[in-house]
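Q: The sequence and its predicted three-dimensional model are supplied below.
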Amino acid sequence: MRITLSRIGFAMLFLLLATGLCFAQKKIKKQVVLSDREFWLQQMDKMVRPVLYDLSKDSLRIKMPQVTSNTSDNKAQRIQVQYLEVLGRVLSGIAPWLQLEGGSAAEKALRQEYRDMVLKGLANALDSNKKDFMRFDIAGQQLVDASFLSFAFVRAPWLWENLGKQEKDRLVNSIKTTRKFKPSFSNWLLFSAMNEAFLCKYGFEWDPMRVDYAMQQLEQWYVGDGLYSDGPVFAFDYYNSYVIHPYLASIIEIINKKNNVYSGLADKIKRRNERYAVIQERMINSDGTYPAVGRSIIYRGAAFHHLADMAWRKALPKQLSSAQVRGALTAVIKRTLESPTTYKNGWLTLGLYGDQPSICDSYNNQGSPYLCTSIFLPLGLSPEDSFWADAPQKWSSQKIWSGEDFPNDHSVDIR
């Protein structure tokens, strides 16, 4: 009987010790919490690595899925142009980070890896003997994405400075071939203008008329309160952010450095940029959602291209602190990328919240959603910048919908 009780007692003691040890181990084990910057870098790397790695290995055409909208207007052609589409969009979004120096040892190593991949990838894309060679003259859509590639070089002079002489010549000639395409009477005028601004910035022959036509016409399309009409008829969508405001801000800066011809317009554009940034920040709900309205909604976080661009250029209006903008954009990144169907085999699906084929437009292909990389523009700011270093702050929706007192909002007349 004693032996039995002893054995039982020993067994119970062992169980208690084991259980206690297990609990202790659980207490000791700490979950790694990423900083906002680390989280952004993690998400950027996850999103763009398949594109740039495969292109650097001359295998993008082999690996990239050939996906188009269910209502595609020209499936074969949309697939043909998706390679330049994904390249231009990815590079325009990560260009400021590629330009940056510094950061943690891990970040610097990651940046160097990406710089190497980008330079190798561009060499492949511009070499007609490579499998991943990209023509710029297949269809009008390539005017759009050549301009995003131009935007990347405008945002990151490092790219231009480190591109080989042969690749520079090929790039310039490729950009010029897009002049054959007549832009539609819409935000597309800015695509032509950006290509010319790129040529102007780096000292090549450029066409002032294409720039001036875009600048003058967009001025005619200004409708008030920081918003432009995308063509003759106003549409409530995100094209003021996808294209109009970021392009106008960059183009006018480049051209005014050349000849200051738009000095009178610069202040208007600056104040309109600020007003629209205020509107954009207020559109981000307390949970990171935002109104899913208008076309091209599968561009996900690119709905806030303008707000991210303003933060990166340190041009935010006084009403917006960099910390509250960081919080709002972080919430958008989390919300738009959290769905388990956001990626398929490592590639972005077509949708706003995961894979949503019916939300696509007829012109969408596998390269289209990568415009969402534009939300990562503030990674071009140093980790010591207030955007990253300041303590978290609530953004407007969080303050308002938690019952805090909050300043009212009024339209601004900037004609």
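A: All right, it came through fine.

Q: can you pull the pLDDT of the closest residue in space to Ala193 that isn't next to it in sequence?
A: For Ala193, the nearest residue in space outside its immediate sequence neighbours is Ala214; the separation is 3.8 Å by Cβ to Cβ, 6 or more residues apart in numbering. From N, CA and C alone the C-beta is placed, and that goes for glycine too. Among the per-residue scores, Ala214 shows a pLDDT of 98.

Q: Then Val32?
A: If you check Val32, the pLDDT there is 82.

Q: those helices in the stretch 151-300 of the chain, which residues are they?
A: Taking DSSP state H, counting those that start in this stretch to define them, one finds helices in the stretch 151-300 of the chain at 157-162, 165-177, 188-201, 208-220, 239, 245-259, 263-283.

Q: Phe153 touches Leu199, doesn't it?
A: No. With the criterion set as Cβ atoms under 8 Å, Phe153 and Leu199 do not qualify as a contacting pair; they are 10.2 Å apart.

Q: So for these two, which sits in the more crowded spot?
A: The residue with the greater number of neighbours, taking Phe153 and Leu199 and applying other Cβ atoms under 10 Å, is Phe153; the counts read 23 against 17.

Q: Doesn't Ser96 lie inside a strand?
A: Let me fix one detail, which is that residue 96 is Pro and not Ser. No. Checked against DSSP: H, G, I helix; E, B strand; the rest coil, Pro96 lies outside a strand; its state is helix.

Q: Now do the strands in this structure.
A: For the chain, the strands identified by DSSP state E occupy 222-224, 227-228, 343-344, 347-348, in order along the chain.

Q: could I get these as TSV with distance to Val51?
A: Formatted as TSV, these follow (distance: least, Cβ to Cβ, whole Å):
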stretch	distance to Val51
strand 222-224	35
strand 227-228	30
strand 343-344	12
strand 347-348	8
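
Q: quick one on the thing from earlier: just send the helices of the stretch 151-300 of the chain back as JSON lines, with distance to Gln366 too.
A: Below are those laid out as JSON lines (distance: least, Cβ to Cβ, whole Å):
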{"stretch": "helix 157-162", "distance to Gln366": "24"}
{"stretch": "helix 165-177", "distance to Gln366": "21"}
{"stretch": "helix 188-201", "distance to Gln366": "20"}
{"stretch": "helix 208-220", "distance to Gln366": "29"}
{"stretch": "helix 239", "distance to Gln366": "21"}
{"stretch": "helix 245-259", "distance to Gln366": "23"}
{"stretch": "helix 263-283", "distance to Gln366": "27"}
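
Q: what's the most buried one of the ones you listed?
A: Ranked by mean neighbour count under mean count of other Cβ atoms under 10 Å, these are led by helix 188-201, which reaches a mean of 25.

Q: now that one, how far from the centre of its chain.
A: 19 Å (Cα atoms, centre = their mean, to the nearest Å).

Q: Use 337 as the first number for this chain going forward.
A: I'll keep to 337 as the first residue from here, and by that count the last item is helix 524-537.

Q: by how many degrees do that helix and helix 501-513 diverge?
A: Direction vectors for helix 524-537 and helix 501-513, defined by axes from the mean of the first three to the mean of the last three Cα atoms, to 10 degrees, enclose an angle of 150 degrees.

Q: What's the separation between the closest residue to Gln477 other than its chain neighbours and Leu684?
A: The spatially closest residue to Gln477, leaving aside those adjacent along the chain, is Val417, at 4.8 Å (Cβ to Cβ, 6+ apart). When Cβ to Cβ, to the nearest Å is applied, the distance between Val417 and Leu684 equals 17 Å.

Q: Could you report the pLDDT at the residue nearest to Gln477?
A: The predicted structure scores Val417 at 97 on the pLDDT scale.

Q: ok, now which ones touch it?
A: Taking Cβ atoms under 8 Å, 6 or more residues apart in numbering as the contact definition, Val417 lies against 474-475, 477-478, 481, 701, 703.

Q: burial count for Phe487?
A: Phe487 has 27 neighbouring residues, counting by other Cβ under 10 Å.

Q: Now Ser395. Its backbone dihedrals?
A: Comment: the main-chain dihedrals of Ser395 come out as phi -130, psi 20, following degrees, to the nearest 10.

Q: That one and Glu421: what is the separation?
A: The spacing between Ser395 and Glu421, counted by Cβ to Cβ, is 17 Å.

Q: again with Arg546
A: Between Arg546 and Glu421 the distance, using Cβ to Cβ, works out to 21 Å.

Q: coming back round to it: neighbour count for Ser395 and Glu421, which is higher?
A: Set Ser395 next to Glu421 and count neighbours by other Cβ under 10 Å: Glu421 wins out with 27 against 14.

Q: quick one: pLDDT of the residue nearest the centre of the chain?
A: Taking Cα atoms, centre = their mean, the centroid of the chain lies closest to Ser710, which sits 1.3 Å from it. With respect to pLDDT, Ser710 scores 98.

Q: ok, now which ones touch it?
A: Listed by Cβ under 8 Å, 6+ apart, the contact partners of Ser710 are 425, 428-429, 582, 637-638, 641, 644-645.

Q: Tell me which of those residues fall in helices.
A: Secondary structure assignment (DSSP state H) places 425, 428-429, 582, 641, 644-645 from those within helices.

Q: Could you dump those residues into CSV with pLDDT added?
A: As requested, the ones in helices among the contacts of Ser710 are exported to CSV (pLDDT from 0 to 100):
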residue, pLDDT
Arg425, 98
Ser428, 98
Gly429, 98
Pro582, 98
His641, 98
Ala644, 99
Asp645, 98
